[in-house]
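[1] Give me a model of this one.
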Amino acid sequence: MVTLTFNTKAMLYTLVNLFILVRSTFGRIGIQTNTTKIQPSLKRRGNSSSRLHESQLEKLVTTKKLRQDAHTRDLIAITVLNELLPGKKIEFGTEVRSPSGDYRFGLNQMSGDLVLTRHTYGIPQEIWSAGVVGGWRLSMQKSDGNLVVRDSKGDAIWSTRTQDNPGCRLEVNDGGYAELLKGENQLWTTQIVPPPLAIVIPSNQYIEQDSFVESPNKQFSLGLTSSGEFVLKNENEVIWSAGISGTSRLYMQNKGNLVARNSQGVVLWKSNTNKNPGAKLVVDDNGSAMVVREKSIIWQANASLVVAPTPSPIFLPTRSSTSIPFPNPRNQGPALGGSFESVDVMLSSSNINKGDFVKSPNESFSLGLSSSGRFIFKRGGQVIWQTDKSGGTKLTMQGDGNLVLRNKDDEALWKSETHGNPGSRLILDDGGHVAVISSNENGNTPLWLTGIPRGEYNGPSSPNLSFPVRSTFYYPWYPQTWKVRGALSKHEPSLGFYSSGDYSVVENHIDALEYAHVQLSIASWWGPGSKLDRARISLLMDKSVENRSESDPQVKWSVYHEDEYDLDQSPNAIKDDLDYLKKWFTWHPAWAYVDNRPVIFVYNEGGGVDEGCDVVNRWMTAGDGEWYIVLKVFKDYLTCETQPDSWHQYAPGKDAIDESYAFGVSPGFWRAYDKEPKLKRVSKQKFCTNVQKMVESSAPWHLITTFNEAGEGTMVESSEEWRSNSGYGYYLDCLHDYQ
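    Residues are numbered from 1 along each chain as shown. Now for the predicted structure:
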């Protein structure tokens, strides 16, 4: 026994009380150290008083001394059990855990108390305590079924009082409690419901100025003041501040970043937690605000007067809150800067019935469900667009973002294929544009478009490309194609398994393409029937010119006509596709031109010369000299009497191809459904060497296969697998370093 003087005891008494209450690795949480009010988060079962008698104090000091003498404190390895069986015993350093591991039952290594802790977000939170000190061993007594805590001398200091029940076992449940069971009968339980964690902002949501949300116990609140300060409060007292004002909205971005923006969209503060898709902001009963992903805390504001550093503002284009921005037609000037007043035709989870129509603000256009049950768009009495199928009785803007036409039996006749975008709405504007729109902190993102094209093709819309042209194949069809034949992509991008319609993803990709000095991005395209092409390709081109030279952006766009491989279209059918591209895209200043003609790449078969030459004849007839057509080579392609404007090769299975018509590089080739790769991932050194050779090549097309074809495992976009200090990954670094 250690002998203590009165003063020493008093001092230790005070220190131990404080230690037990302050949050620690296994200690209780709930006290706010910077406030005068002490509010434990829970009532505790058993001897739950926070005051220690002198005998308990001496026992605690003795226990700590024994543990230090044994060199076990802070060095002990945790042993994990899934249950405590009859006749078994555990000491400090051994825990009984729930199946998920979120709840853990054992002896506190510092105080010797028997505790149940929750580890949902990585920080232990005590939710139950026996209220004892000096515990050394926990025994599940075989003879009588009593669960007993004993001190270092072997004396019992706490028990469940379940004697006369031999054969009991202890389990910890994911419901947040420990229990003694005899067979399936419960004899004892901690009987504590874990305190909830309030989800303040789920992923891809926001809170507005002068709005606060509360912790479950109503003591703490997090939000924006009327002056736009981002603060955490204990009742009416500010206990944490981001050190900013003027915030209009606080966004929990779907990529994991918590961002404060003013009314012009300028970033005033951010948590720097991007690349954590699905993260959310929570606040607990202990005054902690946290950004969490799954079970990990990635940012935290504790209840102390801390002013977070404010990064330099990031200026974004100003966006109107009352109209949907659309570029002016080509003959009215630059392709950006104009907007048309719009009306919300349908909000999320709303319906339009047969015979219902909504007019644009200027009343020039109308949208609704005709008497024949078609979803129809008109200018005056003229039908501009309508669904192929009739018989619809209602049009529904579903909560998941999908716009669906249904018949009287509730069968879907037509849909926009825009599911996965909750909160989306249908709009109609004065320019005759109809769109399913998703809105977030970045503005309004069109997911599906129809109506009148935003511009008109009147000849070249941008300067000609100059050879050699650094080009890459781009795939805008995610999340629909993360799986191929049921198998998930072998590689995950740094952005996660994203949606190609996500505004922030497109911004990131344009930035990456520019970093890699890409001049032409060739978007995979499956023809006019692929519904999402208007919205996604338009978004890619819009972002290429935004904040850059509107008349000549660095990254230009074309499409990779994929249907040719399977359809062998007639010249008239090909011409229909080309006319569609002219109508919707080629007027845009981000479309690529060579010899004052819009560029198109074609993924045709690589069969025999007769079949190949037929491809050439059909396409050159359809193009009629108005298009710059780039076909894929095939055997004896040069023997065809008619030649296209240019040739290329799509060769992901070779790390490099060096031909007169094109030089291509590939980082690897491993389809999602293949057991082995066709081409193993190319090393940084090898890829950089190939890029250097490509730069030195005089071939007109310098092709990167591919930027983001994840299904075939050919992507060069950033991934943790090939990460680099730049953040772009070493494949893009090589392209950046050699130009």
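
[2] Where does the prediction get shaky in the stretch 401-550 of the chain?
    Across the stretch 401-550 of the chain, residues meeting the criterion (pLDDT under 70) sit at 440-443, 529-531, 547-550.

[3] quick one: what helix or strand has residue 127 in it?
    Using DSSP states H and E, residue 127 maps to strand 125-129.

[4] The helix or strand that comes right after that strand pairs with which strands, and in what direction?
    Later in the chain than strand 125-129, the nearest helix or strand by DSSP H and E is strand 137-140. Next to strand 137-140 in the sheet, as set by DSSP bridges, lie strand 89-91 (antiparallel), strand 147-150 (antiparallel).

[5] Please enumerate the helices of this structure.
    Under the criterion DSSP state H, the chain contains helices at 6-21, 54-69, 503-515, 533-545, 564-567, 571-584, 609-623, 684-696, 730-737.

[6] so residue 233 makes contact with residue 221?
    Yes - taking contacts as CB atoms under 8 Å, residue 233 lies within contact range of residue 221: 4.8 Å. Any C-beta I mention is one placed from the backbone N, CA and C, and that applies to glycine too.

[7] Residue 154 - how many residues pack around it?
    For residue 154, the neighbour count with other CB atoms under 10 Å is 9.

[8] quick one: residue 388 from residue 116, how far?
    Distance of residue 388 to residue 116, computed by CB to CB, to the nearest Å: 61 Å.

[9] Tell me which residue is most central in this structure.
    Centroid-nearest residue in the chain, with CA atoms, centre = their mean: residue 277, separated by 3.0 Å.

[10] Just list the residues touching that one, thanks.
    Shown in contact with residue 277 (CB atoms under 8 Å, 6 or more residues apart in numbering): 203, 254-256, 293, 495-498.

[11] before we move on, the earlier item: overlap of the contact sets of residue 233 and residue 221?
    residue 212.

[12] Please list all residues in contact with residue 182.
    145, 165, 167-169.

[13] if we take those, which one ends up nearest to residue 181?
    When those are ranked by distance to residue 181 (CB to CB), residue 169 comes first, at 5.7 Å.

[14] For that closest one, report the pLDDT, please.
    If you check residue 169, the pLDDT there is 91.

[15] What's the local residue count around it?
    18.

[16] circling back to that earlier point, out of the contacts of residue 277, which are buried?
    Buried by 16 or more other CB atoms under 10 Å: 203, 254-256, 293, 495, 498, out of the contacts of residue 277.

[17] Neighbour count: residue 388 and residue 116, which is higher?
    Of the pair residue 388 and residue 116, residue 116 is the one with more neighbours under other CB under 10 Å, namely 24 against 7.

[18] and that one, bridged to which residues?
    Applying DSSP bridges to residue 116 gives these bridge partners: residue 105, residue 128.

[19] mind checking how far it is from residue 98?
    Distance of residue 116 to residue 98, computed by CB to CB: 10 Å.

[20] Identify the contacts common to these two.
    Joint contacts of residue 116 and residue 98 (CB under 8 Å, 6+ apart) are 104, 172.

[21] For residue 386, which non-adjacent residue is spatially closest?
    Spatial nearest neighbour of residue 386, chain neighbours left out: residue 376 (4.2 Å); criterion: CB to CB, 6 or more residues apart in numbering.

[22] Which members of the buried ones among the contacts of residue 277 are the farthest-apart pair?
    Most distant of the buried ones among the contacts of residue 277, by CB to CB, are 293 and 498, 15.5 Å apart.

[23] So which of the buried ones among the contacts of residue 277 sit within strands?
    Members of the buried ones among the contacts of residue 277 lying in strands (criterion: DSSP state E): residue 293.

[24] Let's have the buried ones among the contacts of residue 277 in JSON lines, adding distance to residue 445.
    Converted to JSON lines, the buried ones among the contacts of residue 277 look like this (distance: CB to CB, whole Å):
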{"residue": "203", "distance to residue 445": "16"}
{"residue": "254", "distance to residue 445": "12"}
{"residue": "255", "distance to residue 445": "14"}
{"residue": "256", "distance to residue 445": "18"}
{"residue": "293", "distance to residue 445": "23"}
{"residue": "495", "distance to residue 445": "16"}
{"residue": "498", "distance to residue 445": "13"}
